[in-house]
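Peer 1: sequence and predicted structure below; questions after.
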Amino acid sequence: MDNIELLTKVTSIFRETFDNDSLVISENMSASDIDEWDSLTHIRLIVSHEIEFGVKFSISEVSELENIGGFIELLESKIRL
């Protein structure tokens, strides 16, 4: 899977989770940039990505994330293992 395919899938999951088909994400975005992004939504995002990509994230991995770019890097590292 190349970076474009990965970003397309991640964007799709974000759009579905936030029920916003026009949502545009960027690597610098974080929870503070999206009003609807609360703790429950955060969990839904993590679980949705785990299911879609067949990976698991530890609590420490998730708690260290600062933005979407960091999440994508973590996801890429899990997929490539």
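Peer 2: Yes, it's here. Numbers count the residues shown, from 1 in each chain.
Peer 1: which residue is the nearest non-sequential neighbour of residue 45?
Peer 2: residue 17 (5.4 Å; CB to CB, 6 or more residues apart in numbering). For the C-beta atoms, the positions are set from N, CA and C on the backbone; glycine is no exception.
Peer 1: mind showing which ranges of this protein have poor pLDDT?
Peer 2: Flagging of the chain using pLDDT under 70 yields the residue ranges 81.
Peer 1: quick revisit: now do the helix or strand encompassing the residue nearest to residue 45: everything it contacts.
Peer 2: Secondary-structure element containing residue 17, defined by DSSP states H and E: helix 3-18. Outside helix 3-18, the residues within contact range by CB atoms under 8 Å, 6 or more residues apart in numbering are 21-25, 34, 36-37, 41, 44-45, 48-49, 52-53, 68, 71-72, 75-76, 79.
Peer 1: buried residues in that helix?
Peer 2: For helix 3-18, the neighbour count (16 or more other CB atoms under 10 Å) marks 10, 13-14, 17-18 as buried.
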